[in-house]
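>>> predicted model and sequence below, questions to follow.
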Amino acid sequence: MDKINIKDIPKDLFNPLPPSKKFESEKISAPSLSFMQDSWRRLKKNKAAVTSMILLIVIAIVAFGSTWVTPHNPTKQNPQYINLPPKIPGVSINGFNGTAVIGGTRVNKYEQAKVPTDEYFILGTDGLGRDELSRLLMGTRMSLIIALTAALLDLTFGVIYGLVSGMKGGRVDTIMQRILEVLSGIPNLVVMILMLMVFKPGMLSIILAMIVTGWITMARIVRAQTLKIKDQEYVLAATTLGEKQSKIAFKHVLPNISGVIIVQMMFSIPSAIFFEAFLSFIGLGLTPPTASLGTLLNEGYKTFRFLPHLMWAPAITLSVIMICFNLLADGLRDAFDPKMND
């Protein structure tokens, strides 16, 4: 039988096949995403976390921007304007129009203090005539600086300590964990008092007190994740090929536990803010005239019955910041979890 040459067959006899649904069902329609892109996609679905992130960004911009632009000098004392109530331009609601009840009669405190008509104190003034809004912005900035600095140092010490302990294992891991147990038994307040015996009360002593024991939780979490990751196949393959242990830790282990580290860091920031506020509230924090949320609460609670706005403003600010950080941390934890169902 003669062989048929394909070139001798007319092209008109060839017709394209109709599209098959079988092949379309196997087509990958979604674009490939990296780990961070997929995490961001998950995070955007959490409205509470996104709202909290936006609020924190706004608060940070306003607080740090007040270094250059502020309504009044936060440390300037003006005895003529002592304990003025809040006054917002264009608002006639009692409590925000510069009036207060004295002896059963509502009077205009701004007229009594002879405050110029074009000058306002949106959150009023304190017992030394300082603008409460300016001091609130300053206090928020100082609290954020202390908390972020302490969290970054905790991140550095905790991650390195946990990686070394988890990668080494054996006797080294045992000794390092016993050291953590000894440090974790020291209360933070005792450490703070000891710091005050060496350093003057201020930002440095607060940060050092937080660092002494604050990184222990991070170190334990990183160690636990390292012990789990280092038994994976790709880590064993890198070890078999002769890769250095330090390179394996930073190239293979650390990227795979970065999600857990970020979430733990987000949880540690509100804890640091609360610890700073607590120390400043009991008088072991920042020294006047520097303000923080804790010092403002300490000043405000003394006159809460007569001037409640001096305590409400820093209390609400502190609550909003801590709630936002916790909601954002919850959202990040869900976003970084690869087993989460969409």
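Okay, I see it.

>>> ok, now how distant is L208 from P201?
Computed as CB to CB, to the nearest Å, the L208 to P201 distance reads 12 Å. Quick note: C-beta positions are derived from backbone N, CA and C, even for glycine.

>>> what of F267?
Counting by CB to CB, the gap from F267 to P201 is 27 Å.

>>> same deal with L148?
L148 is 20 Å from P201, by CB to CB.

>>> next one: M266
From M266 over to P201 (counting by CB to CB), the distance is 28 Å.

>>> how about A60?
26 Å.

>>> P270 too?
Per CB to CB, P270 is found 23 Å from P201.

>>> neighbour-wise, which of these two wins?
The neighbour count for P270 versus P201, taken as other CB atoms under 10 Å, is higher for P270 (20 against 17).

>>> does the more buried one touch M322 like I think?
Yes - with contact defined as CB atoms under 8 Å, P270 counts as touching M322 (4.2 Å).

>>> tell me the buried residues in stretch 106-123?
Residues of stretch 106-123 classed as buried by neighbour count (16 or more other CB atoms under 10 Å): 109-110, 113, 115, 120-123.

>>> what do you get for stretch 57-64?
Going by 16+ other CB under 10 Å, stretch 57-64 has these buried residues: 59, 63.

>>> residues contacting it, please?
With CB atoms under 8 Å, 6 or more residues apart in numbering as the contact definition, stretch 57-64 has outside contacts at 137, 140-141, 144, 317, 320-321, 324.

>>> would you put the C-alpha positions of that stretch in CSV?
This file holds the C-alpha atoms of stretch 57-64, laid out as CSV (Å, rounded to 0.1, in the frame of the first residue of the first chain):
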residue,chain,number,x,y,z
ILE,A,57,-1.6,55.1,60.5
VAL,A,58,-3.7,58.3,61.0
ILE,A,59,-2.8,58.4,64.7
ALA,A,60,0.9,57.9,64.0
ILE,A,61,0.9,60.6,61.3
VAL,A,62,-0.9,63.1,63.5
ALA,A,63,1.2,62.3,66.6
PHE,A,64,4.6,62.4,64.8
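
>>> tell me the mean pLDDT over it?
What stretch 57-64 shows for mean pLDDT is 90.

>>> repeat that for stretch 272-285.
pLDDT averaged over stretch 272-285 gives 79.

>>> before we move on, what about stretch 71-83?
83.

>>> dump the C-alpha coordinates for it into PDB.
C-alpha atoms of stretch 71-83 as PDB (Å, rounded to 0.1, in the frame of the first residue of the first chain):
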ATOM      1  CA  PRO A  71      -1.900  74.000  68.200                       C
ATOM      2  CA  HIS A  72       0.100  75.300  71.100                       C
ATOM      3  CA  ASN A  73       3.400  74.700  72.900                       C
ATOM      4  CA  PRO A  74       2.800  71.500  74.900                       C
ATOM      5  CA  THR A  75       5.200  72.500  77.700                       C
ATOM      6  CA  LYS A  76       4.400  76.200  78.000                       C
ATOM      7  CA  GLN A  77       2.700  77.200  81.200                       C
ATOM      8  CA  ASN A  78       0.100  80.000  81.300                       C
ATOM      9  CA  PRO A  79      -1.300  80.600  84.800                       C
ATOM     10  CA  GLN A  80      -4.000  82.900  83.300                       C
ATOM     11  CA  TYR A  81      -5.600  80.000  81.400                       C
ATOM     12  CA  ILE A  82      -5.700  77.300  84.200                       C
ATOM     13  CA  ASN A  83      -8.300  74.500  83.900                       C
END
